[in-house]
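Asker: Got a sequence here, can you build the structure:
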Amino acid sequence: MHGLLAVSALHYADFHPAERAEYHVISTHYSTLALEKFRALINDLSEDNCETYFLFASLIYTLSLCNVARPAAVLTTHDVSQSFQLLKGLRLIIDYKPLEQWLTNAPLGNMLRCASESLSPAPTALSPAPRASSLEPANPFHARLDKLQHLARQLPRSLELINPQSATFLSLECLRNTHLDCRRVADIHAAPHIWSWPIIIPSVFLDMIDSGHPIAIIILAHFAALSWPYEHKEWASHGWSKSIMGLAERTLDEEWSEWIVWPKRSLEERVPVDAMEE
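Answerer: Down below sits the predicted model:
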């Protein structure tokens, strides 16, 4: 109930600007209570209650999505990484039992069926995602990702299988495939694939976003350029990409700022990444 009240208050605030500050406070109060309750009970997750937990976690994620899109205070890299972490948490709850059981035996089957294609396993360092160039001719967005991959080669490597460099390479390949998945859906308003990227990026890369690592923030800005056509028109994710781009501008030093000129132009001029010049 706390999660539902928090989302309801935030929704009311968006459509009643004169009362926005008051209802943001109310939403924050109930979301804090909801998160405390969620953390206290998550260890009791079972096959019998996982659907309830999924609905609850969905409400919490909706809150974080709205708070990134239209933050009450200055958006931080931690706010974004926390939002992505909550989305990963939804995936963990879904993974509690086989997806086939969710789709066939659970009341949430109809809700999850449309998104099931977005929940494919993430590539690993041992079995990376296929390069987009092997699937279809290169386009401007893939050309940009090639440049980012070259940039990422300056990241340090270590003996660990997943390190900052390998995590960044995997995140770029996931972004290529997210782009391809989105292109295969004719109706952009029915495409669930765009939010698969935050789910499958490695935790090391999520930590890089949290710490404001320049290369991670640059890649995040390119995800924002890809995602803006898929935003909700009135609420929830509306304004998410613009908010992320503003965060990137504030976070990056001048020496890195040229790397977000391309995604920023896509967003500001409303040019989809496929129609951008390299």
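Asker: all strands for the stretch 151-278 of the chain, in order.
Answerer: In order along the chain, the stretch 151-278 of the chain carries no strands (DSSP state E, counting those that start in this stretch).
Asker: Could you list the low-pLDDT ranges of it?
Answerer: Counting by pLDDT under 70, the stretch 151-278 of the chain shows low-confidence ranges at 186-192, 234.
Asker: Helices along that one, start to end?
Answerer: All helices of the stretch 151-278 of the chain, identified by DSSP state H, counting those that start in this stretch, fall at 164-183, 196-200, 203-210, 214-227, 240-251, 254-257, 261-268.
Asker: and the angle from the fifth one to helix 261-268?
Answerer: On the basis of axes from the mean of the first three to the mean of the last three CA atoms, to 10 degrees, helix 240-251 is oriented at 140 degrees to helix 261-268.
Asker: contacts for helix 240-251?
Answerer: 65, 68-71, 74-77, 80, 212, 214, 217-218, 220-221, 223-225, 227-228, 231, 257, 260, 263-264, 267 (CB atoms under 8 Å, 6 or more residues apart in numbering). For every residue, glycine as well, the C-beta is placed using N, CA and C.
Asker: between it and helix 214-227, what angle do the directions make?
Answerer: Using the same axes, to 10 degrees: helix 240-251 against helix 214-227 is 160 degrees.
Asker: Pull out the buried residues from helix 240-251.
Answerer: Within helix 240-251, the residues that count as buried by 16 or more other CB atoms under 10 Å are 240-248, 251.
Asker: related to what we said a few turns ago, right, so of the helices of the stretch 151-278 of the chain, which gets closest to residue 274?
Answerer: helix 164-183 (7.4 Å; CB to CB).
Asker: Tell me the helices and strands packed up against that closest one.
Answerer: helix 140-152, helix 196-200, helix 203-210, helix 214-227 (3 or more CB pairs under 8 Å, 6 or more residues apart in numbering; DSSP states H and E).
Asker: Sweet, I'm off.
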